[in-house]
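1. predicted structure and sequence below. I'll ask about it afterward.
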Amino acid sequence: MKNENETDIKISKEEFMKIIELTGLPVSHIQKLIDLEKAEQEEAKRKELEKKNPPFVQLYKSHMKEIRWLITNHHLSSNILFFFLENMNNRNVIVCSQQLLMEQFNKGRTTIHNAIKTLKEHGFISVAKIGNANAYIINPEIAFQDSRDKIKYVSFEGKILINKNENEELFKEHKFENLKVLKDEKK
């Protein structure tokens, strides 16, 4: 907070360096202060960005036993759960079609359906239908990506994953280059 006697003055770096030279202060010390201030500002920006979309997923210890059970007894279901964790937004939601999951895991519709059913029946996820796609909501008591104070909120905005095979016309029409597309791992 500025007091009434403070005023911002904008000068070029070159002019500022001339003033420093006239004061007799070592330029290297002033440059270090400037660099330190820039680094602090960049770190503050990085932290703010991480707050909006943290680069981690929290797994709660209280449900590690259930996760181990899933990994041991339902290999595909656990792979799908971790695929969801990897791609979900910071509100534990991901939207994708069964076709995308079939291609991603090289499995048939029934196998994917059964794996999702296992996740749902055992409380790892909830599923909301959106036309031919589903919104998968990961149970925030098992894993969460946002800050702990927001654990009680689940929004229905989500990262939407599409694949090229289901959307050939879209890709041809718009020639999307910067869209996140899951690569076919077999090729």
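-> Received, thanks.
2. which helices and strands does the helix ranked longest in the chain pack with?
-> For the chain, the helix that runs over the most residues, judged by DSSP state H, is helix 27-52. Helices and strands touching helix 27-52, by 3 or more C-beta pairs under 8 Å, 6 or more residues apart in numbering; DSSP states H and E, are helix 13-23. C-betas here are computed from N, CA, C, even on glycine.
3. for the helix it packs on, the distance to its chain's centre please.
-> Put simply, helix 13-23 sits 44 Å off its chain's centre (C-alpha atoms, centre = their mean, to the nearest Å).
4. same question, stretch 96-111
-> Its chain's C-alpha centre and that of stretch 96-111 lie 22 Å apart, by C-alpha atoms, centre = their mean.
5. what comes up buried for it?
-> Cys96, Ser97, Gln99, Leu100, Leu101, Met102, Glu103, Gln104, Phe105, Lys107 (16 or more other C-beta atoms under 10 Å).
6. in strands only, show me those.
-> Cys96, Ser97 (DSSP state E).
7. ok, back up a step: and the longest helix of the chain, how far out from the chain middle?
-> For helix 27-52, the distance to the chain centre is 24 Å (C-alpha atoms, centre = their mean).
8. any chance of TSV for the buried residues of stretch 96-111, columns distance to Tyr60 and pLDDT?
-> Below are those laid out as TSV (distance: C-beta to C-beta, whole Å; pLDDT from 0 to 100):
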residue	distance to Tyr60	pLDDT
Cys96	24	91
Ser97	29	90
Gln99	32	92
Leu100	28	93
Leu101	25	96
Met102	30	96
Glu103	31	94
Gln104	26	95
Phe105	26	97
Lys107	29	98
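9. switch the buried residues of stretch 96-111 over to TSV; also include distance to Lys32.
-> As requested, the buried residues of stretch 96-111 are exported to TSV (distance: C-beta to C-beta, whole Å):
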residue	distance to Lys32
Cys96	49
Ser97	54
Gln99	56
Leu100	51
Leu101	53
Met102	57
Glu103	53
Gln104	50
Phe105	53
Lys107	58
